[in-house]
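Colleague: Sequence unavailable; structure follows:
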């Protein structure tokens, strides 16, 4: 069991790093989600079709978040970082699964290399 983990996440992919591993490496998970297109209020479109796309997008993301959560479910400390909304959505999903107390931080972060992701997680747990 890994006690400390970090997750860099956006809507396209997530990288899980176990800080207490002998040689921490990011474990990637692809979402398979296509870019979510939002239509402006000025465009004429079928609201029911857009609602259906929104529901499909949300369901696909929920499955993706559950895949990430399955990797970290046994961790005692979970640090989440990344750009955009995905980190907050994952935090809410962890809360819904009864794992919110294990979250030790949620921070914004830009796109990062594998080495930068590992370094950020290690730095977080050195504090």
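Modeller: Received, thanks. Since this is a predicted model, take the numbers as computed values, not measurements.
Colleague: Following the chain past the lowest-mean-pLDDT helix or strand in the chain, name the next helix or strand.
Modeller: Sorting the helices and strands of the chain by mean pLDDT, DSSP states H and E puts helix 47-72 at the bottom, at a mean of 89. Counting by DSSP states H and E, the next helix or strand C-terminal to helix 47-72 is strand 77-82.
Colleague: So what are the sheet partners of that following strand and their directions?
Modeller: As defined by DSSP bridges, the strand partners of strand 77-82 come to strand 4-9 (parallel), strand 103-108 (parallel).
Colleague: Check which helices and strands the helix or strand following that strand sits against.
Modeller: Later in the chain than strand 77-82, the nearest helix or strand by DSSP H and E is helix 86-96. For helix 86-96, the packing partners by 3 or more C-beta pairs under 8 Å, 6 or more residues apart in numbering; DSSP states H and E come out as strand 4-9, helix 47-72, strand 77-82, strand 103-108. From N, CA and C alone the C-beta is placed, and that goes for glycine too.
Colleague: Turn those into CSV, columns for distance to residue 27.
Modeller: Below are the helices and strands packed on helix 86-96 laid out as CSV (distance: least, C-beta to C-beta, whole Å):
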stretch, distance to residue 27
strand 4-9, 10
helix 47-72, 7
strand 77-82, 14
strand 103-108, 19
